[in-house]
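Visitor: Kindly generate the corresponding structure for this input.
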Amino acid sequence: GEERGTGRMRCVFVLAVLAVLAVPLVAADWEVLQVIQLSRHGDRGPIRLFPLFFNQSSLWPLGLEQLTAQGMNQTSRVGMSTRARYMTDLNFLSPQWDYQHFFARASPIDRCLMSCQSIIYGLYPLGTGPANGDPQRFQPVPIYTVPLSEAIMLRPWTLCPRWQQVLDTVVYQTPEFKQKEAENADLFEEISRAIGAPVKLSEIYVVYDAFATSIAHNYPLPVSPDKVQKFMEVSQWAIYQTYASEPVLPLLTSNFFAEVTKLLTEENSNGNFHMFAAHDTTVLPMGGALGVIDKDVVPPYASALTIEEIMDTTTRAVYVQVFYNGYDKGPVPLPWCQGRTQCPLHEFLDFLQKYTMPDWNSVCDYQQPPKEDSNSLTTLNIILISVSSVLAAASIILLIITIVLARRKSGYKGINSGMEYPQTV
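Guide: Coordinates of the predicted model:
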């Protein structure tokens, strides 16, 4: 009896200690200071068709690579869940759009711009616009973008020749990559015959995309289900190596992480929501570096990675927490921050620096397009001005000739000729 009582007392003591230790985590009053959300576009048409597979463009009435109705619905739901958290639950965003606290930027690709619009529509649905505006109170929201030649933050792989060099000389030369290619040679050959196009592990994305699109829309596939599953698994592994392996990460994360660092360190950023709409190959390296995405899994359509800057109102300490594809599951444990879900801001910023290259332009050999000087005339401008001047002079001469001929025809010879004006009738 005495031992049983002692055991009970120990159990109560342990529970009491655990309860005390848990209080700061459970009862802490967190205040959201800032939100940065990076999302992938919704469902879209395939990148390309193949001679023997997926070769009917009529299946995609909105066009290849364009956002589908399903994709519009997926992304609007992202907006709805965002509204539920930051308006309804946390009262962080105003129910009406405020230009001082909400910013949206999209990759300069139709499906990303349209996805961004759809997310915003879910965030600010009909009825939230100005009372004296559209009858349905529609709220337009500006979406910023840049030309393709300047999209180094949301599409860096297209503007970084060094990335392809690293792939060819490092990533694709690893024993593991070569082994994967050898192990699946027969599978690739069978799929190649079925679709009428070559299949290579280093160029797998386009074929993977066609399979993924077929699966999403329940269209028939060219090989058996077990081989489809195997192909999708090895494809996602290869895509992860291409966009999220350590050798390429700094090349693909630098500019976005530099932007995140800037936003988290600017004094006037508090209270702001920054939305970025991009691609799976944008979300993948960011989530891979942060350790919040399952390895060898491509972010599905309408995936969203959300970075929250929060403050413990009791201690005034500032932390960062990261959500991926939903808020109900809570923030994702960060493996590089001792597995914590709330990482001290300074540790988070220190980590980002590991994947940020200050000299990205030179390392990537990025050919930045020349910015036109508004005070200088380009060759085209000079040519246009010259042509316009010649045309203007020709028009004036033609007008003078027309007037002279008209006067001669009417009999008018001028005041000094001594002739009278012709009589009118």
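Visitor: Can you give the distance from the strand or helix carrying residue 167 to the centre of its chain?
Guide: Following DSSP states H and E, one finds residue 167 within helix 161-169. The chain centroid and the centroid of helix 161-169 are separated by 22 Å under CA atoms, centre = their mean, to the nearest Å.
Visitor: Which elements pack onto that helix?
Guide: helix 249-265, helix 360-364 (3 or more CB pairs under 8 Å, 6 or more residues apart in numbering; DSSP states H and E). C-beta coordinates here come from the backbone N, C-alpha and C atoms, glycine included.
Visitor: which other residues reach the following helix or strand past the longest one?
Guide: Counting by DSSP H and E, the next helix or strand C-terminal to helix 249-265 is strand 272-278. Residues lying outside strand 272-278 but in contact with it, judged by CB atoms under 8 Å, 6 or more residues apart in numbering, are 34-41, 86, 92-93, 101-107, 112-113, 115-116, 119-120, 143, 154-155, 256, 263, 282.
Visitor: Quick one: closest of the helices and strands packed on helix 161-169 to residue 184.
Guide: Closest to residue 184 of these is helix 249-265 (CB to CB; 24.9 Å).
Visitor: what angle separates the closest one from strand 272-278?
Guide: Relative orientation of helix 249-265 and strand 272-278, computed by axes from the mean of the first three to the mean of the last three CA atoms, to 10 degrees: 160 degrees.
Visitor: any idea how far helix 249-265 is from the chain center?
Guide: Centre-to-centre, helix 249-265 and its host chain are 14 Å apart (CA atoms, centre = their mean).
Visitor: for it, packing partners?
Guide: For helix 249-265, the packing partners by 3+ CB pairs under 8 Å, 6+ apart come out as strand 30-40, helix 161-169, strand 272-278, helix 280-290, helix 345-354, helix 360-364.
Visitor: let's go with 7 Å and repeat that
Guide: With contacts taken as 3 or more CB pairs under 7 Å, 6 or more residues apart in numbering; DSSP states H and E, helix 249-265 sits against strand 30-40, helix 161-169, helix 280-290, helix 345-354, helix 360-364.
Visitor: could you dump these to a markdown table with mean neighbour count and distance to residue 149?
Guide: Formatted as a markdown table, those follow (neighbours: other CB atoms under 10 Å; distance: least, CB to CB, whole Å):
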| stretch | mean neighbour count | distance to residue 149 |
| --- | --- | --- |
| strand 30-40 | 21 | 22 |
| helix 161-169 | 15 | 14 |
| helix 280-290 | 24 | 17 |
| helix 345-354 | 16 | 26 |
| helix 360-364 | 17 | 13 |
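Visitor: Output the ones you listed in CSV; the columns should cover mean pLDDT and distance to residue 199.
Guide: Shown next, in CSV, are the helices and strands packed on helix 249-265 (pLDDT from 0 to 100; distance: least, CB to CB, whole Å):
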stretch, mean pLDDT, distance to residue 199
strand 30-40, 96, 24
helix 161-169, 97, 17
helix 280-290, 98, 19
helix 345-354, 98, 35
helix 360-364, 96, 29
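Visitor: got the ones you listed as TSV, with distance to residue 178 columns?
Guide: Formatted as TSV, the helices and strands packed on helix 249-265 follow (distance: least, CB to CB, whole Å):
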stretch	distance to residue 178
strand 30-40	30
helix 161-169	13
helix 280-290	22
helix 345-354	28
helix 360-364	26
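Visitor: which stretch among these comes nearest residue 312?
Guide: Comparing the helices and strands packed on helix 249-265 by CB to CB, strand 30-40 comes nearest, at 6.4 Å.
Visitor: got a pLDDT number for residue 29?
Guide: pLDDT for residue 29: 89.
Visitor: and residue 356, what does it touch?
Guide: Taking CB atoms under 7 Å, 6 or more residues apart in numbering, we find residue 356 in contact with 254, 257, 258, 261.
Visitor: What's the separation between it and residue 87?
Guide: Going from residue 356 to residue 87 by CB to CB, to the nearest Å gives 32 Å.
Visitor: hey, what's the nearest residue to residue 345 once chain neighbours are set aside bridged with?
Guide: For residue 345, ignoring the flanking residues on the chain, the nearest one in space by CB to CB, 6 or more residues apart in numbering is residue 318 at 4.4 Å. Per DSSP bridges, the residues bridged to residue 318 are residue 311.
Visitor: Pretty sure residue 318 sits against residue 346.
Guide: No. Residue 318 lies out of contact with residue 346 (CB atoms under 7 Å); the separation is 8.5 Å.
Visitor: Distance check, the residue nearest the centre of the chain against residue 227.
Guide: Nearest residue to the geometric centre of the chain (CA atoms, centre = their mean): residue 278, 1.5 Å. For residue 278, the distance to residue 227 (CB to CB) stands at 31 Å.
Visitor: for residue 58, same thing?
Guide: Distance from residue 58 to residue 227, counting by CB to CB: 27 Å.
Visitor: re earlier: list the contacts of the helix holding residue 167.
Guide: Helix 161-169 is contacted from outside by 157, 242, 247, 248, 251, 252, 363, 364, 365, using CB under 7 Å, 6+ apart.
Visitor: Return the members of those classed as buried.
Guide: Buried residues within the contacts of helix 161-169, defined by neighbour count using 16 or more other CB atoms under 10 Å: 157, 242, 248, 251, 252, 364.
Visitor: which residues does the fifth one contact?
Guide: Contacts for residue 252 (CB under 7 Å, 6+ apart) come out as 156, 157, 163, 243, 285.
Visitor: For residue 348, see how far away residue 248 is.
Guide: Going from residue 248 to residue 348 by CB to CB gives 22 Å.
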